[in-house]
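1. using only what follows, build the 3D model:
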Amino acid sequence: MAGVFAVRRPAAALVGAVLALTLLGCTSDEPDPPEKPQATSTALSDFATDGVSVTRGEFCARVAPGAVTEALAGEVADSDTWANGDRTRLADGVRDVAHEYGCSWTATDGTVASAWVFAPPVTPAGASALAKAASRVEGCQPVAGAPAYGARSTAVRCGDEIAFHGLFGDAWLSCSVAPVGTADREGLLDRGGRWCVAVAQAASTD
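-> I've put the predicted structure just below:
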């Protein structure tokens with residue numbers, strides 16, 4: 001961070017400068033500068049994912065910081081990224097070579113927001129198999145009526161974690177939010193969906 005340099009001035013000169021600025025503010029006809037637009041998130045149900053193409057490569061640096069803090073409902077305490085061929089933690093107690101590009105952010109309370117995309121191309125038939133496999137993981141169940149996330153998509157709830165998986169072109173993209181403690185299920189579904197929209201936008205080839 002750049003340092004802030006204080007300039008010492010005689011008291012009389014400083015008072016004169018403040019008075020001049022005040023008078024200028026009172027007499028100027030210039031309009032006030034427009035406020036900077038605030039970043040807004042998009043509900044997954046309002047986002048057309050069927051027309052989005054996703055790259056099977058690095059995308060994490062393009063994820064909007066505001067989307068991360070919204071998904072975490074807090075500030076980032078730690079983060080991690082991995083690439084195709086890296087040896088990384090793929091699940092609790094499981095480390096192996098990743099065949100994907102991904103990233104995760106952890107909040108101060110332990111909540112985790114993650115996103116990853118398979119490096120190999122995935123066919124529609126392969127996507128259907130992956131969607132079924134995701135809902136059959138022990139402790140997980142499909143979320144009925146969840147918004148679509150690309151083609152051949154699925155949303156699963158594993159305990160308090162919500163995850164979306166879907167096919168975008170030939171890219172199998174996944175995203176999840178895992179809060180600490182019992183979460184409002186409906187609120188978490190919306191929060192996870194908004195996070196996944198931000199992930200799809202960051203990974204988009206458009």
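2. quick one: the strands in the protein, in order.
-> Applying DSSP state E to the chain gives strands spanning 76-82, 87-91, 94-97, 100-107, 112-118, 140-142, 151-158, 161-168, 171-178.
3. and of those, who's closest to Arg191?
-> For the strands of the chain, the distance to Arg191 is smallest for strand 171-178, at 6.0 Å, taking CB to CB. Placement of C-beta: from N, CA and C, glycine included.
4. quick one, that closest one and strand 100-107 angle?
-> In terms of direction (axes from the mean of the first three to the mean of the last three CA atoms, to 10 degrees), strand 171-178 departs from strand 100-107 by 20 degrees.
5. what helices or strands is strand 171-178 leaning on?
-> Using 3 or more CB pairs under 8 Å, 6 or more residues apart in numbering; DSSP states H and E, the elements in contact with strand 171-178 are strand 112-118, helix 124-135, strand 161-168, helix 185-203.
6. keeping just the C-alphas, turn the longest one into PDB.
-> What follows is helix 185-203, C-alpha atoms only, in PDB (Å, rounded to 0.1, in the frame of the first residue of the first chain):
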ATOM      1  CA  ARG A 185     -31.500 -23.800   3.600                       C
ATOM      2  CA  GLU A 186     -33.500 -21.600   1.300                       C
ATOM      3  CA  GLY A 187     -31.100 -18.700   1.900                       C
ATOM      4  CA  LEU A 188     -28.100 -20.900   1.300                       C
ATOM      5  CA  LEU A 189     -29.600 -22.200  -2.000                       C
ATOM      6  CA  ASP A 190     -29.900 -18.600  -3.200                       C
ATOM      7  CA  ARG A 191     -26.500 -17.600  -1.900                       C
ATOM      8  CA  GLY A 192     -24.900 -20.600  -3.500                       C
ATOM      9  CA  GLY A 193     -26.700 -19.900  -6.800                       C
ATOM     10  CA  ARG A 194     -25.400 -16.300  -6.800                       C
ATOM     11  CA  TRP A 195     -21.900 -17.500  -6.100                       C
ATOM     12  CA  CYS A 196     -22.100 -19.900  -9.000                       C
ATOM     13  CA  VAL A 197     -23.300 -17.200 -11.400                       C
ATOM     14  CA  ALA A 198     -20.200 -15.200 -10.500                       C
ATOM     15  CA  VAL A 199     -18.000 -18.300 -11.100                       C
ATOM     16  CA  ALA A 200     -19.600 -18.900 -14.500                       C
ATOM     17  CA  GLN A 201     -19.100 -15.300 -15.500                       C
ATOM     18  CA  ALA A 202     -15.400 -15.500 -14.400                       C
ATOM     19  CA  ALA A 203     -14.900 -18.700 -16.300                       C
END
